[in-house]
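Colleague: my questions are about this predicted structure, shown below with the sequence.
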Amino acid sequence: MKELIIVRHAKSSWDHANLKDIDRPLNKRGHRDAPYMASFLRNQGIKPSHLISSPAVRAFRTAEYFYEEFASEDLQIWKETDLYFGTEEDWLDIIQNLDPRIEIPVFFSHNPTLTHFVNRFTNNWIDNVPTCGVVHLQSSSEKWSDLFFDNTIIRDTFFPKEVKGK
C-alpha cells in the first residue's frame, strides 16, 4: 500500500508587484501556517521520506518548513519543475516514476491544478484546497508505477483553519 501527501504552498505575498509569479515569497500568515502544519503532520504520526516541491519560491519555502520540522529524519528535498503549472497527468507521471525505495513523499504545489488533481481521487468534491492545506492519499497499489486515480483514495484532509480550531 502506497501513501503520499499533497500540500498547497502556504499563503504568499502580493506586496511586490514587480516580482515574477515564480519569485513571490510567503507572507506573514504563510510563515506562521507552514511550520504549524508541518508540526501538525508530525503529530499525526506521518513521517515523510521525501519532499518534492515546485520551484516557485513560496512552494519551496513551505517545503523547507516541513524539512526543518522533520530534520531528525533521513529526509530528502528537491524541486520538480512540472509541479509548477504542470498538468494533472504530469503530476501522476511524477508519482508513477518515483524510485521504489521512496516510502512517503510529500508534494508542494499550486492551485488550481492541486485541487483538480486531488479531486480525481474522490467522489466527495473539495471546492478548494486552501493555502497550506494537506491532503493525505492512500493507494491499494504496491508500486508507484501502479498508482492510478481509480485505486487511490483521499485518506484525510488537514486544512489550517480547521485544525487550529481543534
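Modeller: The structure has been received and is ready for your questions.

Colleague: for the rest of this, base every contact and every neighbour count on C-alpha atoms.
Modeller: OK.

Colleague: where do the helices of the protein begin and end?
Modeller: 28-43, 57-69, 88-96, 113-119, 160-164 (DSSP state H).

Colleague: could you say which of these is packed most deeply?
Modeller: helix 57-69 (a mean of 23; mean count of other Cα atoms under 10 Å).

Colleague: what mean pLDDT would you report for it?
Modeller: Mean per-residue pLDDT for helix 57-69: 97.

Colleague: neighbouring contacts of that helix?
Modeller: 8-12, 22-26, 30, 34-35, 38-39, 42, 51-54, 75, 77, 79, 108-110, 132 (Cα atoms under 8 Å, 6 or more residues apart in numbering).

Colleague: show me the shaky parts of the protein.
Modeller: 72-73, 165-166 (pLDDT under 70).

Colleague: quick check: most distant residue from the centroid of it.
Modeller: In the chain, the greatest distance from the average C-alpha position (Cα atoms, centre = their mean) is reached by Asn18, at 26.9 Å.

Colleague: what's the distance between it and Lys11?
Modeller: 18 Å (Cα to Cα, to the nearest Å).

Colleague: quick check: the gap between the residue nearest to Ile77 when sequence neighbours are not counted and Phe107.
Modeller: Leaving aside its sequence neighbours, Ile77 sits nearest to Leu51 (Cα to Cα, 6 or more residues apart in numbering; 4.5 Å). Computed as Cα to Cα, the Leu51 to Phe107 distance reads 6 Å.

Colleague: those two: which is more packed in?
Modeller: More neighbours surround Phe107 than the other of Leu51 and Phe107, with 28 against 21 (other Cα atoms under 10 Å).

Colleague: from Lys28, how far out is the more buried one?
Modeller: For Phe107 relative to Lys28 (Cα to Cα), the value is 22 Å.

Colleague: ditto for Leu92
Modeller: Taking Cα to Cα, one finds Leu92 at 32 Å from Lys28.

Colleague: one more: Pro55?
Modeller: From Pro55 over to Lys28 (counting by Cα to Cα), the distance is 20 Å.

Colleague: what sits against the closest residue to Ile95 other than its chain neighbours?
Modeller: Of all residues not flanking Ile95 in the chain, Trp144 sits nearest, at 6.3 Å (Cα to Cα, 6+ apart). By Cα under 8 Å, 6+ apart, Trp144 lies in contact with 2, 95-100.

Colleague: what do you get if the cut-off is 10 Å, keeping everything else the same?
Modeller: 1-3, 92-103 (Cα atoms under 10 Å, 6 or more residues apart in numbering).
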